[in-house]
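Chemist: here is the input, now give the coordinates:
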Amino acid sequence: MAVVTFAVAWWLGLYLLARDPAKPALRRAGAGLLSYALALAVGEVDPGGGVLYAVLLSLPAVLWTGTLLALQRTPGRADMWWRRVALPVAVLAAAGAGYAGGVALVLLTVVVLVPLGWTVVLLVRRPGAGLMAALMLGLAAGLLLVGLGVPPRPLWLAGIGLDLAALGVCVALLDSLEEGETLRRDMLGSLLVAGVTAALFGGIVLAAGAAGIPLLLHGVVAAAIAVQVLARPIQSAADRLALPPALRRSRGELREAAAALPRRDDTIALAELPEAEFVRLTRRALSHYGDLGKLVASPLTALPAIDERLGGPGAPLDRAAELKALLLESITRLKPRDGEFGTSEEWRLYNALYFYYVAGIRPYSVRTKLTEPDPVARRALAWFADHVPERTLHNWQAAAARVVAADLRAGLASRQ
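Modeler: Purely as a prediction, here's the structure:
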């Protein structure tokens, strides 16, 4: 039971991290599950607990507080306080509880459960978030009982594991809905391969008489699952060492496209979508403009205009390339006819989409997709950085995305 619970938590944590490490919500949720899995392994080795066990068992609740803050539309100050105060204080309190117990354990309970309770209140106030709030309350109760030493500990640990797994699935589902993707096929495929691989490795260890060495068993299961779930990042790291840049980009694009295909939701009827949902999918496609691998999963690749351009269904990458061309044509129609670049009001929507998504400038970050910008892009970069606040740019992009969505939707209506 302990090994199975460990394996599920370890797999789901890695799955969330591998899904998109750039997203704080997925990153924190995955780290919380991995911390719980490691706590199970340490508890098997040292049933009496200790500093490491206290820290690992406390981190999931703190990390889930950060996860829920990251899921808010505007985390702002609350997220900053979580990163700079709540997380380090919780780690220090957990370490103190592991050494001293008693008063330190009470402090740990307060430090962990107060932020968790606060996020539960935030969830209850949001429509449709009752399930997440109930799961968070279950996690809080389980951690409190384990921390206070209420027996039987294995039962509470198993309950926490189920709670964390349900929360992890909820976060993955929210992310898939945000991206306009389907989750079931991608997650089920990962779970089946991870389960078979873990059973194979674990069976080998048990057959070899290693049942008396629980840490070895946990280590083999963890390694087997990590190799499967992190196969793409591992291959990307190997490609960076072995392949030239051009070939590496092409191979990475194909790998991203192959990974995105199971996540594409073919059941979405574009003609029946509400306007707000169509705009959201258009904005998401624009954000993936420079990444064909991610565009493959966009529901907008089912636009009838793409079938007409290709003369038939076409390959997934071809459909993604045609969607990219459609987006560029819609963006180009926003461009005024009086030059290559301007700063007047009529230029704003075009500038917000073209230079950010197509040209690849990043005026508020040291990381930009442009290594050698042309003179027009340099002028645009300087103008954005000096005269356009970041929030203003986001507002312009939202307005421009609505115009592009209306353009695509008009073409959709004309072909019905």
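Chemist: for residue 322, what are its contacts?
Modeler: Taking Cβ atoms under 8 Å, 6 or more residues apart in numbering as the definition of contact, the neighbours of residue 322 are 301, 305, 306, 309, 310, 314. To be clear about C-beta, it is placed using only N, CA and C from the backbone, and glycine gets the same treatment.
Chemist: does residue 365 belong to a helix, a strand or coil?
Modeler: The assignment at residue 365 comes out as coil when based on DSSP: H, G, I helix; E, B strand; the rest coil.
Chemist: mind pulling the model confidence for it?
Modeler: Turning to residue 365, the model gives it a pLDDT of 73.
Chemist: quick one, which of the contacts of residue 322 are buried?
Modeler: Taking 16 or more other Cβ atoms under 10 Å as the criterion, what is buried in the contacts of residue 322 is 301, 305, 306, 309, 314.
Chemist: the last one contacts residue 303, correct?
Modeler: No: the pair residue 314 and residue 303 fails to qualify as a contact (Cβ atoms under 8 Å) at a distance of 11.8 Å.
Chemist: before we move on, the earlier item: could I get the contacts of residue 322 as a markdown table with secondary structure, pLDDT and distance to residue 351?
Modeler: Rendered in a markdown table, the data for the contacts of residue 322 read as follows (DSSP: H, G, I helix; E, B strand; the rest coil; pLDDT from 0 to 100; distance: Cβ to Cβ, whole Å):
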| residue | secondary structure | pLDDT | distance to residue 351 |
| --- | --- | --- | --- |
| 301 | helix | 90 | 27 |
| 305 | helix | 89 | 25 |
| 306 | helix | 90 | 27 |
| 309 | helix | 87 | 27 |
| 310 | helix | 87 | 31 |
| 314 | coil | 81 | 32 |
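Chemist: residue 403: which of these is nearest?
Modeler: When the contacts of residue 322 are ranked by distance to residue 403 (Cβ to Cβ), residue 305 comes first, at 16.9 Å.
Chemist: wait, that closest one sits on residue 329?
Modeler: No: at 9.8 Å, residue 305 and residue 329 do not qualify as touching, with contact defined as Cβ under 8 Å.
Chemist: would you mind pulling up the elements that the helix or strand hosting residue 253 packs against?
Modeler: With elements taken from DSSP states H and E, the one containing residue 253 is helix 245-260. Where contact means 3 or more Cβ pairs under 8 Å, 6 or more residues apart in numbering; DSSP states H and E, helix 245-260 is packed against helix 231-242, helix 292-295, helix 316-332.
Chemist: mean confidence score for the next helix or strand after the last one?
Modeler: To tie it back to what came earlier, the one meant is helix 316-332. Using DSSP H and E, the next helix or strand after helix 316-332 towards the C-terminus is helix 348-353. Taken as a whole, helix 348-353 has a mean pLDDT of 92.
Chemist: tell me how far the closest residue to residue 328 other than its chain neighbours lies from residue 204.
Modeler: Spatial nearest neighbour of residue 328, chain neighbours left out: residue 358 (6.4 Å); criterion: Cβ to Cβ, 6 or more residues apart in numbering. For residue 358, the distance to residue 204 under the criterion Cβ to Cβ, to the nearest Å works out to 52 Å.
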